[in-house]
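S.K.: this one's sequence-less:
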């Protein structure tokens with residue numbers, strides 16, 4: 001621990017200074033020696049750090065999504081160059097460069113937070129040992145040693161002996177009950193955060209080893225936190241529980257407002273967006289307009305959920321625009337003006353038998369389509385037409401032949417063989 005403390009000693013003084021400044025504020029409200037003053041100081045430190053890490057968190061989200069999108073391509077490269085590891089690495093790096101993806105970006109928030117965690121751990125360990133550190137002088141040290149959270153001192157651990165806990169003015173039972181509850185809450189929040197990421201914010205259409213790794217981490221991380229938690233002071237447990245709750249809330253916000261394409265969360269989000277458009281007749285909010293804008297820009301590359309959303313807008317008589325807004329579609333405008341657009345009917349192509357009948361019996365071209373009693377009527381008309389004078393029959397025949405020929409192929413028709421009549 002001394003080696004780790006020396007590595008992060010450059011940040012110990014800033015961390016202790018921030019805690020002392022928050023302690024001055026909360027001490028004026030709750031009392032300098034209370035657990036509320038020191039506990040809320042640690043919570044405020046977490047909030048301040050996580051606010052500073054928001055840009056890294058956004059970068060982490062983008063990197064994670066890019067990695068999910070690239071999984072099929074990465075798998076193809078691994079299969080193609082499975083016998084050439086060097087070429088495989090080169091193609092992977094080329095793929096990362098072309099897409100602007102950094103695999104280490106997903107670890108940036110944890111890496112950036114680690115120095116503050118170890119600095120706080122070293123500060124609390126020094127308080128437990130009765131040593132001044134950073135800007136925490138002897139009066140502040142005595143005040144921190146007297147602070148208890150639900151009966152457990154800030155510097156006490158689950159594995160501490162009864163004598164050490166008694167020296168801090170507490171009982172071993174109180175310390176273990178409080179630390180056990182905090183460890184369970186810390187592990188549960190970590191599990192829930194990872195679970196909602198896997199069940200709601202993952203593209204279900206892509207099955208890759210990356211998803212299996214994330215599923216394994218969903219169960220491994222809580223176990224790691226539980227094992228490590230028994231060696232953490234109460235103050236560090238407060239820090240880690242607070243940061244886990246913050247991460248869980250941050251993750252819920254991202255899932256609800258900016259879900260991964262193709263995920264269950266996107267289906268729920270676009271469903272809520274469609275209801276909002278139905279109620280107000282427009283896309284409200286810049287974030288939602290940007291979402292619609294991205295869907296329109298995808299064109300034919302939309303996934304099933306996005307196509308379902310576009311279809312839902314069409315049923316409402318609306319069409320998504322390139323700027324993220326919606327407007328009445330052409331069909332809806334025509335209907336509002338007095339009716340839908342007339343449908344264009346293609347002429348029905350005659351069968352071969354009908355074309356041959358029209359060629360041999362021009363007068364029956366129109367009536368050959370009906371059956372049963374209608375065919376009987378057509379025969380009567382045909383007989384009546386044969387009784388007419390030839391002078392009147394010629395124009396009708398020529399007209400009928402032109403009508404019959406409209407459904408035939410161009411050029412002279414080959415007569416049918418007598419044996420096939």
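M.R.: Thanks, I have it. Note that the structure is a prediction, hence the values are computed from the model and not measured.
S.K.: where in this structure is pLDDT low?
M.R.: By pLDDT under 70, the weakly predicted segments of the chain are 1-9, 65, 68-69, 71, 103-107, 202-214, 330-350, 352, 358-421.
S.K.: how about the helices in the stretch 201-350 of the chain?
M.R.: 209-229, 234-257, 264-280, 286-298, 304-315, 330-337 (DSSP state H, counting those that start in this stretch).
S.K.: and among those helices, the most buried is which?
M.R.: Looking across the helices of the stretch 201-350 of the chain with neighbours counted as mean count of other Cβ atoms under 10 Å, the highest average goes to helix 234-257: a mean of 20. To be clear about C-beta, it is placed using only N, CA and C from the backbone, and glycine gets the same treatment.
S.K.: Run through the neighbouring helices and strands of that one.
M.R.: In terms of contacts (3 or more Cβ pairs under 8 Å, 6 or more residues apart in numbering; DSSP states H and E), helix 234-257 is packed against helix 35-52, helix 108-129, helix 172-200, helix 209-229, helix 264-280.
S.K.: by how many degrees do it and helix 286-298 diverge?
M.R.: Interaxial angle, helix 234-257 versus helix 286-298 (axes from the mean of the first three to the mean of the last three Cα atoms, to 10 degrees): 50 degrees.
S.K.: before we move on, back to that, identify whichever of the helices of the stretch 201-350 of the chain lies nearest to residue 164.
M.R.: helix 234-257 (13.0 Å; Cβ to Cβ).
S.K.: which residue packs closest to residue 22, ignoring adjacent ones?
M.R.: The shortest distance from residue 22 to any non-neighbouring residue, by Cβ to Cβ, 6 or more residues apart in numbering, is to residue 41 (3.8 Å).
S.K.: is it true that that neighbour touches residue 29?
M.R.: No: with contact defined as Cβ atoms under 8 Å, residue 41 does not reach residue 29; the gap is 11.5 Å.
S.K.: sorry, back to before: a markdown table for the helices of the stretch 201-350 of the chain, including distance to residue 84?
M.R.: Output for the helices of the stretch 201-350 of the chain, formatted as a markdown table (distance: least, Cβ to Cβ, whole Å):
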| stretch | distance to residue 84 |
| --- | --- |
| helix 209-229 | 20 |
| helix 234-257 | 38 |
| helix 264-280 | 37 |
| helix 286-298 | 35 |
| helix 304-315 | 37 |
| helix 330-337 | 55 |
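S.K.: Looking at the ones you listed, spot the one closest to residue 159.
M.R.: Across the helices of the stretch 201-350 of the chain, closest to residue 159 is helix 209-229 (Cβ to Cβ), at 10.3 Å.
S.K.: Contacts for that closest one next, please.
M.R.: With contact meaning Cβ atoms under 8 Å, 6 or more residues apart in numbering, helix 209-229 is reached by 67-68, 71, 75, 158, 179, 182-184, 186-188, 190-191, 194-195, 197-198, 202, 237, 240.
S.K.: what's the answer for stretch 16-24, then?
M.R.: 32, 37-38, 40-42, 44-45, 48, 119-120, 123, 133-136, 140.
S.K.: Residue 325 and residue 266, how far apart?
M.R.: 20 Å (Cβ to Cβ, to the nearest Å).
S.K.: Name the nearest residue to the spatially most central residue of the chain, ignoring sequence neighbours.
M.R.: By Cα atoms, centre = their mean, the mean C-alpha position of the chain lies nearest to residue 260, the distance being 1.7 Å. Spatial nearest neighbour of residue 260, excluding adjacent residues (Cβ to Cβ, 6+ apart): residue 201 at 4.9 Å.
S.K.: What about the one you found, how many residues nearby?
M.R.: 23 (other Cβ atoms under 10 Å).
S.K.: Surely it and residue 255 touch.
M.R.: Yes: counting by Cβ under 8 Å, residue 201 does reach residue 255; the two are 4.8 Å apart.
S.K.: Quick check: neighbours shared by those two?
M.R.: residue 265.
S.K.: Now do the phi/psi pair for residue 285.
M.R.: phi 100, psi 140 (degrees, to the nearest 10).
S.K.: so how many other residues sit close to it?
M.R.: Residue 285: 12 neighbours (other Cβ under 10 Å).
S.K.: With residue 169 instead?
M.R.: 12.
S.K.: got it, and residue 263?
M.R.: Counted with other Cβ under 10 Å, residue 263 comes out at 23.
S.K.: Relative to residue 258, how far out is the nearest residue to it once chain neighbours are set aside?
M.R.: Once flanking residues are discounted, residue 263 sits nearest to residue 201: 5.2 Å by Cβ to Cβ, 6+ apart. Separation of residue 201 from residue 258 (Cβ to Cβ) stands at 9 Å.
S.K.: Please apply the same query to residue 151.
M.R.: Distance, residue 151 to residue 258, by Cβ to Cβ: 42 Å.
S.K.: likewise residue 133?
M.R.: 41 Å.
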